[in-house]
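# no letters, just coordinates:
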DNA sequence: CCTTCTATGACACAACTAAGTCACAAGTTC
DNA sequence: GAACTTGTGACTTAGTTGTGTCATAGAAGG
């Protein structure tokens, strides 16, 4: 389920949005001030953020700076409808802009459009010299395409999404295979071995003895 | 008790912060210039650092470079409230920003928010010159990685989480091994010995005769 | 202060368990 | 059916951990 963060100090508006988006099948979280918003942004992982510009404590423009490094798409909400402000918002890196008061239908349409667009464009993971394009399910190493099988790809994604975390065999297996791990086959090992070989990642995919594996390194 | 380092050249402000945070139950250390701050940062282990930007000798931005490799969360304090400077600070890697003059309540709120947020993301324990990263299950001593086995790691965590507490052999064994302790093997002793050796912790891991062990020291 | 008893330190080693490697067969896809 | 993917078992290699032995140190009692 897609997770949306709503940062909006007028609770009435925040709730209105929440109710409508929830009805559309999104999971919504509300923050009524900038600090709380920043908190959520850093501690949780959202698919999209709706950001009011006029906020107590930290304003929307500043909050945007928190979001940028994470790369979550943002729609600005504001009472200001002057063109200047729109341009300001978009220049700073917002992906879209909705002026209050707005039609609920328009909001939903924009949310969906952005998620669609974003899902296509920006589903990219990187680690070391490897780029993963989630949309096309392709992988490049040092710019050259590498052929991975389905399981190899899923396993790679799971590792990269949890870089520098010691992943328990159990957890890893259950995430990628979507079934319960019974610990006496060489399945996981084999796939790890294949990944290490294809990507030349002997030095990145570390074995954590008696625990599982850890993707280790800078990127 | 959470430890906070305050690096601020105006003693009046530093003390104001110290008094208020101490009242909230934090243990505070003050440094009145950048050099002293750098010293503390390298020699002790804090849960959070409040950093003034305008400092004699080494300024706050430069100090931040000392903090980064350790990963302690940082809040910048500054008289500058222009958005540019805020963004500068956040870009450089500060976790939050407070413009002087500030409300004490706001300061406390931000400190708590950051610690909360940080606690979720970054499960880190420190003792003496050793840092433990729970997520990656890695241990560093004076910045250099140290290789521990599962049992050693679990034992270390148990000790650090109960520093300055005399842990009964029974309790220690049952926590780490998850089975009942029958008291005539050299198992626990061996592991304690291995830890002492690998970490050079002869002086920190004290034997409490006929009781068990105690991790003893400042941090 | 010395003796005695017991608890812990130190260490080496064997047993054990985990993971690596590989080849192959069963299953899939085209 | 050809090419590819995937799971599995047998075997090898490697790393961890418990235990026994002996040395040492602490406590208790005379």
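On my side now, so go ahead. Quick caveat: nothing in here was measured; it's all calculated off a predicted structure.

# for the lengthiest helix in chain A, packing partners?
When chain A is scanned for its longest helix (criterion: DSSP state H), the result is helix A:104-121. The elements that helix A:104-121 packs onto, with contact taken as 3 or more C-beta pairs under 8 Å, 6 or more residues apart in numbering or on different chains; DSSP states H and E, are helix A:11-23, strand A:48-52, strand A:74-78, strand A:96-99. All C-beta spots, glycine's among them, are computed from the backbone N, C-alpha and C.

# so for residue B:187, which of these sits nearest?
strand A:48-52 (51.6 Å; C-beta to C-beta).

# how about the helix or strand that comes right after the closest one: buried residues?
Next helix or strand after strand A:48-52 toward the C-terminus (DSSP states H and E): helix A:60-67. Judged by neighbour count using 16 or more other C-beta atoms under 10 Å in any protein chain shown, the buried positions of helix A:60-67 are A:60, A:61, A:62, A:63, A:64, A:65, A:66, A:67.

# nearest to DNA strand D among these?
residue A:67 (35.1 Å; C-beta to the nearest atom of the strand).

# for the residue of chain A found nearest chain B, phi and psi?
Closest approach of chain A to chain B (C-beta to the nearest C-beta) occurs at residue A:166, with a separation of 4.1 Å. Main-chain dihedrals, residue A:166, degrees, to the nearest 10: phi -80, psi 110.

# and it, what does it touch?
Contacts for residue A:166 (C-beta atoms under 8 Å, 6 or more residues apart in numbering or on different chains) come out as A:208, A:211, A:212, A:213, A:214, B:135, B:136, B:137, B:138.

# which one is the first one nearest to, not counting chain neighbours?
Same thing as residue A:208. Leaving out its chain neighbours, the residue that sits closest to residue A:208 by C-beta to C-beta, 6 or more residues apart in numbering or on different chains is residue A:166, at 4.8 Å.

# the third one too?
Nearest residue to residue A:212, sequence neighbours excluded (C-beta to C-beta, 6+ apart): residue A:169, at 4.2 Å.

# burial of residue A:99, as a residue count?
Residue A:99: 15 surrounding residues under other C-beta atoms under 10 Å in any protein chain shown.

# what parts of chain A come near DNA strand D?
With the criterion set to C-beta under 7 Å from any atom of the strand, chain A comes near DNA strand D through A:147, A:149-152, A:177, A:184-187, A:190-191, A:209-210.

# make CSV from the residues you listed and add secondary structure to it.
As requested, the residues of chain A next to DNA strand D are exported to CSV (DSSP: H, G, I helix; E, B strand; the rest coil):
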residue, secondary structure
A:147, coil
A:149, coil
A:150, helix
A:151, helix
A:152, helix
A:177, helix
A:184, coil
A:185, coil
A:186, coil
A:187, helix
A:190, helix
A:191, helix
A:209, coil
A:210, coil
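
# farthest-apart pair in these, please.
The largest separation in the residues of chain A next to DNA strand D, counting by C-beta to C-beta, is between A:147 and A:210 at 32.4 Å.

# what's next to the longest helix of chain A, contact-wise?
A:2, A:4, A:16-17, A:20-21, A:24, A:26, A:47-48, A:50, A:73, A:75, A:95-96, A:98, A:135.

# just the buried ones from these?
A:2, A:4, A:17, A:20-21, A:26, A:47-48, A:50, A:73, A:75, A:95-96, A:98.
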